[in-house]
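Asker: this one's structure only:
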């Protein structure tokens, strides 16, 4: 059951082609992983920025800020690099998820920087790691750290989405708020 709130849990994301996500799920199925929750095909995304709880009355400002962040930026390609476990650490630290890491082209980094400058509630010292979550371990578990070549070719990001996320006992439910096209 979703928790009642007047705030909306928001994030900004880019989505890969579903056929590529299916391929990654097949690659994941070939691994011997402990019990995990697979991310549904339509929810696999590249998080550009997690905004967090946002008052509903601020949505016009948030939407305008996301649109302005895209100003002058062209579509760009992303290349799948590796199938990784996160956090990336020692074998003695529990792993929360398995993801596909992508390259970090300059346009992606500029878009992420602009979004963070406009919409982030707090600053982070962590380096942005472009990745798409394929599964989660609940609770986090000890596994040998993964770093395998990811299957699939480069894909083009022509737009991104302002999304609302609602937490449920079965996982998150995502809802499109606004799709924003890159020049």
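Answerer: That came through, no problem. None of the values given here were measured: they were computed from a predicted structure. Residues are numbered from 1 along each chain as shown.

Asker: where does the closest residue to residue 175 other than its chain neighbours land on pLDDT?
Answerer: Leaving aside its sequence neighbours, residue 175 sits nearest to residue 164 (C-beta to C-beta, 6 or more residues apart in numbering; 4.5 Å). C-beta coordinates here come from the backbone N, C-alpha and C atoms, glycine included. Residue 164 is assigned 93 on the pLDDT scale.

Asker: so what's residue 117 up against?
Answerer: With contacts defined as C-beta atoms under 8 Å, 6 or more residues apart in numbering, residue 117 has no neighbours.

Asker: just checking, it is part of a helix?
Answerer: Yes - using DSSP: H, G, I helix; E, B strand; the rest coil, the assignment for residue 117 is a helix.

Asker: how much space separates it from residue 167?
Answerer: From residue 117 across to residue 167, the span is 27 Å (C-beta to C-beta, to the nearest Å).

Asker: cool, residue 133 as well?
Answerer: 15 Å.

Asker: those two: who's more crowded?
Answerer: Neighbour count, other C-beta atoms under 10 Å: between residue 133 and residue 167, residue 133 has more, with 17 against 12.

Asker: element containing the more buried one?
Answerer: strand 131-141 (DSSP states H and E).

Asker: could I get the buried residue list for that strand?
Answerer: Residues of strand 131-141 classed as buried: 131, 132, 133, 134, 135, 136, 137 (neighbour count, 16 or more other C-beta atoms under 10 Å).

Asker: farthest-separated two in those?
Answerer: 132 and 137 (16.4 Å; C-beta to C-beta).

Asker: returning to that earlier point: which of the buried residues of strand 131-141 lies closest to residue 78?
Answerer: Within the buried residues of strand 131-141, the smallest distance to residue 78 is 9.2 Å, found for residue 132 (C-beta to C-beta).

Asker: so who does the closest one touch?
Answerer: Residues in contact with residue 132 (C-beta under 8 Å, 6+ apart) are 16, 21, 24, 44, 45, 46, 99, 100, 102.

Asker: in the sheet, who's paired with it?
Answerer: residue 46, residue 100 (DSSP bridges).

Asker: tell me the confidence at it?
Answerer: 98.

Asker: quick check: residue 44 touching residue 13?
Answerer: No - with contact defined as C-beta atoms under 8 Å, residue 44 does not count as touching residue 13 (9.7 Å).

Asker: looking at the two, which one has more neighbours?
Answerer: More crowded of residue 44 and residue 13, by other C-beta under 10 Å: residue 44, with 23 against 20.
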